[in-house]
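Asker: Sequence and predicted structure, then a few things I'm wondering about:
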Amino acid sequence: MTLFRNVVFIAAIAGLVAGVVLACMQAYATVPLILKAEVYEQAGGGHTHDHAAPPAANATDTNAMTSAAPGPAEAAAPEDEGWAPADGFERFAFNVVANVVTGIGFALILVAASEFAGGIGNWRQGLFWGLAGFAVFTLAPNLGLPPELPAMPAADLAQRQIWWTATVVATAAGLGLLAFRKSLPLAILAVALIVAPHIVGAPQPDSFESPIPEGLHHQFVVAVTLTNLVFWLVLGVVVGVVRGRFTGTATSLRDSFA
Amino acid sequence: MNTASVSLGASVSSQSRFMQLALAACLGIFVMGFVGFSHIDAVHNAAHDYRHSMAFPCH
């Protein structure tokens, strides 16, 4: 199991570094926007997990953001959501942990996938593998399901998770075919795979009525996309550098890709 | 793309190589899925800001 051990080792280092970088970027770029959105969410009457279209009467009410007192039906249930980290440091700390843990998860996928294709030989190749990861895990799913802020309307959670997963798989397969197969029919199939999820279409909410201002959401989409781009580039580069140290052949693959 | 290259586990057979890489990928998918997709409330709340910031389907 030496190969497995090496993959995990490299992924752990890369995930740790990229996860900490991402958590720091989020602390400045995305989390403040989430906190702002939560103000609107609370003003709109608690945290509703039922994202069916809000009653029309209530929809007009939520436009008047100054009315902090929600209607009687809404006031009934700030529903019990179980344990949550306290705001402030605890919340930040859990965010860092989540970033590092999933960073290692993404790194495991990236390293394993790239090893099938010969491995990430140096930091330059890492950049391109990072770009691929960004395209697969951020760009493609976010076209159909843009990053949401709390309180934004959304379709059924399970359906969105299925669409997200299917899109990631199809896009990864498509990119892999494009990059590593040299036949025209397969290239056409690859493009079809990448396009197909968007033709099927992501699950959409019944109503787009949202208490969140358009400007705030747009800012959030930009912040999420850019922080993820940097995360993936860092992840790929660190994998390339660490793997190079590991095999002692940092330059031998320089010309094989990219 | 011919991949006659120096790999991480040079001495392992190709079948074992495939299994180990697949195992690593599955581990990664599991970790990512647990943090990003789990429906358990405590996990959701702990990773709430992360899920929004990564645009994972949330709520």
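Answerer: Yep, it's here.
Asker: Going by C-alpha atoms from here, please, whenever you check contacts or count neighbours.
Answerer: Noted.
Asker: Show me what counts as buried in stretch A:97-117.
Answerer: For stretch A:97-117, a neighbour-count test (16 or more other CA atoms under 10 Å in any protein chain shown) marks A:97-115, A:117 as buried.
Asker: Let me see the ranges of the strands in chain B.
Answerer: Taking DSSP state E as the criterion, chain B carries no strands.
Asker: Just want the residue of chain B that's nearest chain A.
Answerer: residue B:28 (3.9 Å; CA to the nearest CA).
Asker: Relative to residue B:22, how far out is that residue?
Answerer: 10 Å (CA to CA, to the nearest Å).
Asker: which of the two has more neighbours?
Answerer: Taking neighbours as other CA atoms under 10 Å in any protein chain shown, residue B:28 and residue B:22 compare with residue B:28 leading, 26 against 18.
Asker: center of chain B - which residue?
Answerer: Most central in chain B under CA atoms, centre = their mean is residue B:28, positioned 1.8 Å from the mean C-alpha point.
Asker: wait, that residue sits on residue A:112?
Answerer: No - here residue B:28 lies out of contact with residue A:112, judged by CA atoms under 8 Å, at a distance of 9.1 Å.
Asker: Residue ranges in the chain under the pLDDT threshold?
Answerer: I'll assume chain A. A:1, A:45-81, A:248-258 (pLDDT under 70).
Asker: Please refer instead to chain B.
Answerer: For chain B, the ranges with pLDDT under 70 are B:1-7, B:9-12.
Asker: give the contact list for residue A:186.
Answerer: Taking CA atoms under 8 Å, 6 or more residues apart in numbering or on different chains, we find residue A:186 in contact with A:177-178.
Asker: what helix or strand is it on?
Answerer: For residue A:186, the enclosing helix or strand under DSSP states H and E is helix A:184-200.
Asker: Just give me the residue closest to the centre of chain A.
Answerer: residue A:138 (5.2 Å).
Asker: all helices in chain B, in order from the N-terminus.
Answerer: For chain B, the helices defined by DSSP state H cover B:14-37, B:41-46, B:48-53.
Asker: mind listing what's buried in the top helix by length along chain A?
Answerer: Longest helix in chain A by number of residues (criterion: DSSP H): helix A:214-247. Buried positions in helix A:214-247, judged by neighbour count with 16+ other CA under 10 Å: A:217, A:220-221, A:223-244.
Asker: restrict those to those near chain B?
Answerer: When contact is defined as CA under 8 Å from any CA of the partner chain, the buried residues of helix A:214-247 meet chain B at A:224, A:228, A:243.
Asker: Switch those over to TSV; also include distance to residue A:123.
Answerer: Below are these laid out as TSV (distance: CA to CA, whole Å):
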residue	distance to residue A:123
A:224	24
A:228	18
A:243	9
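Asker: which one of these is nearest chain B?
Answerer: Comparing those against chain B with CA to the nearest CA places residue A:224 closest, at 5.7 Å.
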